[in-house]
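Asker: For reference, the sequence and a predicted model appear below.
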Amino acid sequence: MKIIPIAFALFSIIPVCYSRPCPKAYDDKSKKDHKVVVEEVIQTTSYTYLHVKENDTLKWLALPTINAKPGETYYYTGAMPMKEFESKELHRKFDEVLFLGGVTTEPMAANGNKNGSESYARKANPEVKKEIKIETPADCITIANLFSKKEAFAGKTVKIKGQVTRYSPAIMDKNWIHIQDGTESNGKFDFVVTSSVAVKVGDIVVLEGKITLNKDFGYGYKFEAMMEEAVIK
């Protein structure tokens with residue numbers, strides 16, 4: 001089965017709501033494979049919007065960028081419907097958009113996939129390690145230290161210094177920050193932080209917050225370790 005490559009991250013799947021508070025997303029709990037045929041494709045900076053037909057019903061899907069064409073057939077299971085979703089980039093409001101983590105070219109149930117298309121999001125295109133060198137202050141820990149001794153840091157407030165490699169604001173009332181500091185432990189080099197502060201990709205920041213382990217947001221997104229409610233020091 002071919003898996004359509006998609007961009008990494010929870011932050012690529014859940015849309016930013018620009019003109020109003022984000023509605024609470026609910027997921028399609030059915031394990032049914034949805035078979036759709038593409039009628040129209042709209043590409044934006046971060047998303048591919050697909051106008052598709054399922055049986056006799058037309059609907060809009062959105063997922064991290066793929067190279068899709070009209071006439072192609074895809075399958076998905078699970079979705080996050082967003083009603084009255086407004087795309088600032090397209091200057092357009094949709095009655096409803098179903099946000100997905102990805103699609104496949106064959107039915108997923110027939111191939112033993114129990115988690116739905118969203119579970120492919122982090123496996124298909126993991127974060128790329130940047131060439132970053134950060135001088136770690138004495139009162140900070142490194143990403144390598146954090147992951148190698150994560151149980152010791154669970155529930156504790158710590159400081160960590162790194163470079164912002166991805167930033168997604170206003171998702172679930174939080175700003176989501178990915179940082180790297182050039183260190184790694186067993187291949188883990190990317191660290192996720194939530195905060196109310198705004199940053200930019202490329203910023204070097206010192207963040208302080210509480211460490212949470214095994215945080216599960218659903219849709220295939222579970223973080224082994226992350227920092228929550230961080231502030232910039």
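Answerer: Received the coordinates, thanks. In this text, all values refer to a predicted model and were calculated from it rather than measured experimentally. Residues are numbered from 1 along each chain as shown.
Asker: Counting residues, which helix of the protein comes out longest?
Answerer: The longest helix of the chain (DSSP state H) is helix 143-148.
Asker: Tell me the helices and strands packed up against that helix.
Answerer: Contacts defined by 3 or more C-beta pairs under 8 Å, 6 or more residues apart in numbering; DSSP states H and E place helix 143-148 against strand 157-171, strand 221-232. In this view, the C-beta of every residue, glycine as well, is placed from N, C-alpha and C.
Asker: Including distance to I66 and mean neighbour count, could these go into CSV?
Answerer: Formatted as CSV, the helices and strands packed on helix 143-148 follow (distance: least, C-beta to C-beta, whole Å; neighbours: other C-beta atoms under 10 Å):
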stretch, distance to I66, mean neighbour count
strand 157-171, 19, 19
strand 221-232, 19, 17
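Asker: Quick one: closest of the ones you listed to S195.
Answerer: strand 221-232 (4.2 Å; C-beta to C-beta).
Asker: Now do the closest one and strand 157-171, the angle between them.
Answerer: 110 degrees (axes from the mean of the first three to the mean of the last three C-alpha atoms, to 10 degrees).
Asker: Would you check how far apart the residue in the chain sticking out farthest from the centre and V197 are?
Answerer: In the chain, the residue that sits farthest from the middle, by C-alpha atoms, centre = their mean, is A138; the gap is 31.9 Å. Distance, A138 to V197, by C-beta to C-beta, to the nearest Å: 23 Å.
Asker: doesn't E151 fall inside a strand?
Answerer: No. Read with DSSP: H, G, I helix; E, B strand; the rest coil, E151 is helix and lies in no strand.
Asker: can you list the domain ranges for the chain.
Answerer: Here the chain is described, according to automatic domain parsing, as comprising the domains 10-124, 143-232.
Asker: partners of the helix or strand encompassing K35, with directions?
Answerer: If you go by DSSP states H and E, K35 is part of strand 34-43. If you go by DSSP bridges, strand 34-43 pairs up with strand 47-54 (antiparallel), strand 73-76 (antiparallel).
Asker: buried residues in the longest one?
Answerer: The neighbour-count check on strand 47-54 (16 or more other C-beta atoms under 10 Å) flags 47-52 as buried.
Asker: ok, so of those residues, who is nearest Q180?
Answerer: Checking those against Q180 with C-beta to C-beta, the nearest one is Y47 at 24.5 Å.
Asker: In this structure the closest one contacts A62, no?
Answerer: Yes. Using C-beta atoms under 8 Å, Y47 is in contact with A62, at 5.0 Å.
Asker: can you list the helices and strands packed on helix 143-148 in CSV and add mean pLDDT and distance to K130?
Answerer: As requested, the helices and strands packed on helix 143-148 are arranged in CSV below (pLDDT from 0 to 100; distance: least, C-beta to C-beta, whole Å):
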stretch, mean pLDDT, distance to K130
strand 157-171, 88, 6
strand 221-232, 90, 19
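Asker: Redo the ones you listed as JSON lines? Include distance to A68.
Answerer: Output for the helices and strands packed on helix 143-148, formatted as JSON lines (distance: least, C-beta to C-beta, whole Å):
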{"stretch": "strand 157-171", "distance to A68": "23"}
{"stretch": "strand 221-232", "distance to A68": "23"}
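Asker: T105 is nearest to which of the ones you listed?
Answerer: T105 sits nearest to strand 221-232 of all the helices and strands packed on helix 143-148, at 23.2 Å, using C-beta to C-beta.
Asker: Give me the contact list for that closest one.
Answerer: 10, 13, 118, 121-122, 146-147, 150, 153, 158, 160, 177, 188, 191-197, 199, 205-217 (C-beta atoms under 8 Å, 6 or more residues apart in numbering).
Asker: Fine, thanks again, bye for now.
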